[in-house]
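Trainee: show me how the following folds:
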Amino acid sequence: MRVHVPVHLRWGDLDAYNHVNNVEVLRLLEEARVRAFWRSSDDAGGVDQGMALIEAEAGSDTITLIARNEIVYHAPIEYRRSPLDVQMWISHLGGASLDVSYDVRGTGDRHSELYAQAVSTIVLVDAASSRPRRITDEERKAWSEYLGEPLQLSRRRS
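Mentor: From the prediction side, this is the model:
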């Protein structure tokens with residue numbers, strides 16, 4: 001199962017070539033990931049909250065750190081008023097880390113266009129000790145619903 005997070009572009013996301021800058025794509029992934037994973041008392045904004053097990057408030061017991069990001073860009077993203085559809089699933093559950101995979105797609109009349117694919121490795125860290133902490137049974141059970149095939153992004157050059 002995938003989580004779909006609608007993410008709107010900002011005018012400032014564009015670069016001199018009039019498309020979304022590669023660094024801003026990373027920000028879009030971050031925005032979608034935070035909305036999907038962090039539990040909050042605020043409205044979820046149409047996001048499936050089944051993945052949201054980590055407290056988003058200051059003073060939380062868990063910190064999430066990004067250990068790795070890999071992005072492959074398939075097509076330039078031009079400015080649009082309709083949101084992008086950032087689709088996410090968990091492609092690996094380890095002991096204290098997980099891989100989140102993404103497809104970034106358009107919505108509306110160009111919904112099938114794939115703009116980018118990415119994988120982020122997230123490490124769960126105990127806030128008190130600043131050490132990695134194991135994924136709990138509750139988290140593993142909830143996140144297993146979203147477990148899917150890993151993306152094969154790397155290309156080896158001969």
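
Trainee: from here on, contacts and neighbour counts on C-alpha atoms
Mentor: Will do.

Trainee: ok, now which ones touch Asn18?
Mentor: With contacts defined as CA atoms under 8 Å, 6 or more residues apart in numbering, the neighbours of Asn18 are Glu78, Tyr79.

Trainee: hmm, I was thinking of Thr107
Mentor: Taking CA under 8 Å, 6+ apart as the contact definition, Thr107 lies against Ser82, Pro83, Leu84, Asp85.

Trainee: buried subset of these?
Mentor: Buried members of those, scored by 16 or more other CA atoms under 10 Å, are Pro83, Leu84, Asp85.

Trainee: could you export those residues as TSV, including pLDDT, secondary structure and distance to Ala16?
Mentor: Output for those, formatted as TSV (pLDDT from 0 to 100; DSSP: H, G, I helix; E, B strand; the rest coil; distance: CA to CA, whole Å):
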residue	pLDDT	secondary structure	distance to Ala16
Pro83	92	coil	21
Leu84	94	strand	21
Asp85	94	strand	24
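
Trainee: could you dump those into JSON lines and include distance to Glu145?
Mentor: Rendered in JSON lines, the data for these read as follows (distance: CA to CA, whole Å):
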{"residue": "Pro83", "distance to Glu145": "25"}
{"residue": "Leu84", "distance to Glu145": "23"}
{"residue": "Asp85", "distance to Glu145": "20"}
